[in-house]
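Participant: give me coordinates for this.
(chains A and B)
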Amino acid sequence: MKLISILDQLAATPAIAAPAPRRALLAQLGRAAVAALPLGVALPAAAAPADTSFDAVTQLLQLERTQVALYTQALAAAGLIPVAQTADFQRLLAHQTQHAALLLKALQDAGALVPALPQFDFSGKHNVAANPELFPNVLTNYDAFLAVAQQLEDLSVRLYQTQTVNINDPQLFRAALRIHAVEAQHSAHIRGLRKGRGAVVQNWPSEEDAAIVRPTAAQALTAAATGGEENGVQYVTPGVPVPFASFLLISSNTAIHDPALAESFDEPVSSAVAQTALNLFV
Amino acid sequence: MSDHTFLPAWREQSLGRRVFLRVSAASAASVALIAAGCSGTTTTPTAADPYQLALPAGDSGLLYYAYLMALAQVTLYQKVVDAPPTDLTTTERAVFADLRDHEVVHQKTIAYLIDPTGATQLAPTDFAFSLSKFTLTTRAGVLAASQQIADLVAAAYPVLLPLFTSSSAPQRTILLKMSSVQARQAAAVRDMLTPGSFANSDVVGSNGQLLTKTPTEVITALAPYFAPYVISVASLAVPV
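Facilitator: Residues are numbered from 1 along each chain as shown, chains lettered A, B, ... in the order given. The predicted model follows:
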């Protein structure tokens, strides 16, 4: 799948590339394709290659476009967002629009094929009226909207963590790190809004957060947003865990509460799990 | 969900959390923050300034830098937890307990990454982040101080992360996982002080990206609180 995608991009790349500021991204495409050819032939499909710079930017673009569409539709839905919070969501929309534009330009500058803008559907019906509704009332019920918004922001934090290190253009890499932090601020704010409305939720993913109840077919979003956030193991070198138990000492009256260890680290999400969630809305 | 199964050894420890910061008597010779002026390149030997702390070059210097930021946060949040102002709400106190917990985890994890043996003294015994310039007896003062520090640390990480060499990829990964938690903390504190001030134009640029700070800018901002010690980041890699 990835191999085909890369070859498609190469075919779509102009034969004479204009001087491109994102030359590094383009160079990565070429190297990845060369490296992927023998691997793709020799290895079974299960051995997926690591994401390339192109894969990373393309997937982040779909994520940002999804959030732009959600906030655009929500701000246009009469009575959905309280007046007091309108400015918050206008800010969120503005940031995501800026992020999407940056990623789009990176692809264009590299001469890569830019995916068409999907038709987003936040009901989970995939634009087919007869399909089951996986996310009820997202654009009519504020709490339902906030839950989806929170999970997409959580997914953003995790996917930027995953994909930023795959971006080999230094300038875009540093921009992605700054965007990563902004997505985290977004998530913390929406979590705070939900908390203010009585939801059991922290500003950061926590095992103390109440589960968001949805049909089974919609669980891919939850899996992408917070699945694995309960992880309590970090690695100091590959295969060697940080021995938290040997240096995190607590006493009875100043105990660090148990969920704090996992809360202290945001976890990445695999690109496959993220893509499954993003596909729920197109 | 896993209160009873989660790291039982950690739960059963009975030593005080601050034991890490206690400096052993035998460690004077192993102070890792070396005094500036000890450099062999100077032609005229000068007496080492005991209050001059130079962060080492390379990835360990970057870890020290992160450690100092975590130390500042732990000191501040621990004080709020220990002596919360009367007008700080119960909900807000719970948030500060979480902030304290996260930063203790960060500080101790970074200390482990610097020296897994724990034998190295990471700072002089009387080195501290001073809270005397803050007003921590009122909710407004606590939140203002916390926003100042939380914003500063959140702004530091996106600059710090690219400075690591490729040989420190696992360390960078751990700090990357911490970086978004710092941003979450900053947003949470901002929203407590001024609702809706998360990610506003004070901290996010017109391109939708966080406004960042270099190690020099961060240490300059923290300098009044680390006095009389003076920290030099001259040996750290320079951000592009």
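Participant: neighbours around the nearest residue to A:Q96 once chain neighbours are set aside, how many?
Facilitator: With C-beta to C-beta, 6 or more residues apart in numbering or on different chains as the criterion, A:Q96 has its nearest non-adjacent residue at 4.3 Å, and that residue is A:Q67. All C-beta atoms are positioned from the backbone trio N, CA, C, and that covers glycine. Neighbour count for A:Q67, taken as other C-beta atoms under 10 Å in any protein chain shown: 24.
Participant: one more: B:N207?
Facilitator: By other C-beta under 10 Å, neighbour count at B:N207 equals 16.
Participant: helix, strand or coil: sort out it for me.
Facilitator: State at B:N207, reduced to three classes by DSSP: H, G, I helix; E, B strand; the rest coil: coil.
Participant: A:L102 is in contact with that one, correct?
Facilitator: Yes - with contact defined as C-beta atoms under 8 Å, B:N207 counts as touching A:L102 (7.2 Å).
Participant: what is in contact with the two at once?
Facilitator: Counting by C-beta atoms under 8 Å, 6 or more residues apart in numbering or on different chains, the contacts common to B:N207 and A:L102 are A:A175.
Participant: go ahead and flag the most central residue of chain A.
Facilitator: The centroid of chain A falls nearest to A:S156 when counting by C-alpha atoms, centre = their mean (3.1 Å).
Participant: am I right that that one is in a helix?
Facilitator: Yes - under three-state DSSP, A:S156 falls within a helix.
Participant: can you tell me how far it sits from chain B?
Facilitator: 10 Å (C-beta to the nearest C-beta, to the nearest Å).
Participant: find the nearest non-adjacent residue to that residue, please.
Facilitator: A:E183 (3.9 Å).
Participant: how near is B:D126 to chain A?
Facilitator: From B:D126 to chain A the distance is 22 Å (C-beta to the nearest C-beta).
Participant: list the contacts for the closest residue to chain B within the stretch 51-200 of chain A?
Facilitator: Closest residue of the stretch 51-200 of chain A to chain B, C-beta to the nearest C-beta: A:Q98 (3.2 Å). Under the criterion of C-beta under 8 Å, 6+ apart, the contact list for A:Q98 reads B:S206, B:N207, B:G208, B:Q209.
Participant: isn't the residue nearest to A:S156 right next to A:V157, touching?
Facilitator: Yes - look at A:E183 against A:V157 with C-beta under 8 Å: they come within range, at 4.9 Å.
Participant: now the common contact residues for these two.
Facilitator: B:S180.
Participant: quick one, strands of chain B?
Facilitator: With DSSP state E as the criterion, chain B has strands at B:52-54, B:230-232.
Participant: least reliable of these by average pLDDT, please.
Facilitator: Among the strands of chain B, strand B:52-54 carries the lowest mean pLDDT, a mean of 92.
Participant: roughly how far apart are B:R93 and B:T137?
Facilitator: 15 Å (C-beta to C-beta, to the nearest Å).
Participant: same deal with B:G118?
Facilitator: 36 Å.
Participant: B:A234 now?
Facilitator: 37 Å.
Participant: could you do B:A83 as well?
Facilitator: B:A83 is 8 Å from B:T137, by C-beta to C-beta.
Participant: can you list the low-confidence ranges for the chain?
Facilitator: As the question left the chain open, I've gone with chain A. A:1-49, A:249-255 (pLDDT under 70).
Participant: wrong chain, I was asking about chain B
Facilitator: B:1-48.
Participant: mind listing what residue 204 touches?
Facilitator: Going with chain A. Contacts of A:W204 (C-beta under 8 Å, 6+ apart): A:A188, A:R191, A:E263, A:D266, B:D98, B:H102, B:V181, B:R184, B:Q185, B:A188.
Participant: that's the other chain; I wanted chain B
Facilitator: Counting by C-beta under 8 Å, 6+ apart, B:V204 has contacts A:H95, A:V182, A:Q185, B:L210, B:L211.
Participant: what bridges to it?
Facilitator: B:L210 (DSSP bridges).
Participant: where do the strands sit along the stretch 151-282 of chain A?
Facilitator: A:235-237, A:240-241 (DSSP state E, counting those that start in this stretch).
Participant: of all these, which lies closest to chain B?
Facilitator: strand A:235-237 (5.3 Å).
Participant: brilliant, that's me finished.
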